[in-house]
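> below are the sequence and a predicted model for it; my questions follow.
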Amino acid sequence: MVMPRWRFTDPKTSATYVVPLNPNSMSDPSMRPRSTQAQASSVNTTDLVITRGPSALGEWTFSGVIRTADHHDDLIEWFQKDYVIQVRDHFSRTYSIKMLRFEVIERRPTRLNADRYTYTATALVMA
């Protein structure tokens, strides 16, 4: 059985990217939601409800390896987006995320792999 590949989707443009190598480690993205409403009373005792936009459920970290220059460049392009994107993981679960950090470390090339990197990504999982 073939492991499904991670897929990134840009909701603004509908562009998608299928990751050639899935991350090899990740934290648990299933976190408890926080309240997205706050209530306060005004002078005339009318309730005021403030609704915020999407709220973050928590941080999600995943990491892996990069073996080609194209994979490296594509990941950097996706992780530079400063808005919420969709990620479908290898269990076919889809999350809305906002990238916080993307760290790439270049590794010494080998005879078989001229491009070798490891990366760690940290994102906010959005409600």
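It's in.
> dump the residue contacts of the nearest residue to V104 once chain neighbours are set aside.
Leaving aside its sequence neighbours, V104 sits nearest to Y119 (Cβ to Cβ, 6 or more residues apart in numbering; 4.8 Å). No exception for glycine: its C-beta is placed from N, CA and C like everyone else's. Applying Cβ atoms under 8 Å, 6 or more residues apart in numbering, we find Y119 in contact with S63, G64, V65, I66, L75, F102, E103, V104, I105.
> and the helices in the protein?
For the chain, the helices defined by DSSP state H cover 69-79.
> only alpha carbons, please: show the longest strand that it contains as PDB.
With secondary structure taken from DSSP state E, the chain has its longest strand at strand 94-106. C-alpha atoms of strand 94-106 as PDB (Å, rounded to 0.1, in the frame of the first residue of the first chain):
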ATOM      1  CA  THR A  94      -7.100  18.400   6.400                       C
ATOM      2  CA  TYR A  95      -6.000  21.400   8.600                       C
ATOM      3  CA  SER A  96      -6.100  25.100   8.100                       C
ATOM      4  CA  ILE A  97      -2.700  26.400   9.200                       C
ATOM      5  CA  LYS A  98      -0.700  29.700   9.400                       C
ATOM      6  CA  MET A  99       3.000  29.200   9.200                       C
ATOM      7  CA  LEU A 100       5.100  30.600  12.100                       C
ATOM      8  CA  ARG A 101       8.600  29.300  11.400                       C
ATOM      9  CA  PHE A 102      10.400  27.300   8.800                       C
ATOM     10  CA  GLU A 103      14.000  26.300   9.500                       C
ATOM     11  CA  VAL A 104      16.100  24.600   7.000                       C
ATOM     12  CA  ILE A 105      19.500  23.100   7.700                       C
ATOM     13  CA  GLU A 106      21.800  22.200   4.900                       C
END
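> pull the residues that contact it.
Against strand 94-106 from outside (Cβ under 8 Å, 6+ apart): 29, 54, 56, 59-60, 66, 72, 75-76, 79-89, 116-126.
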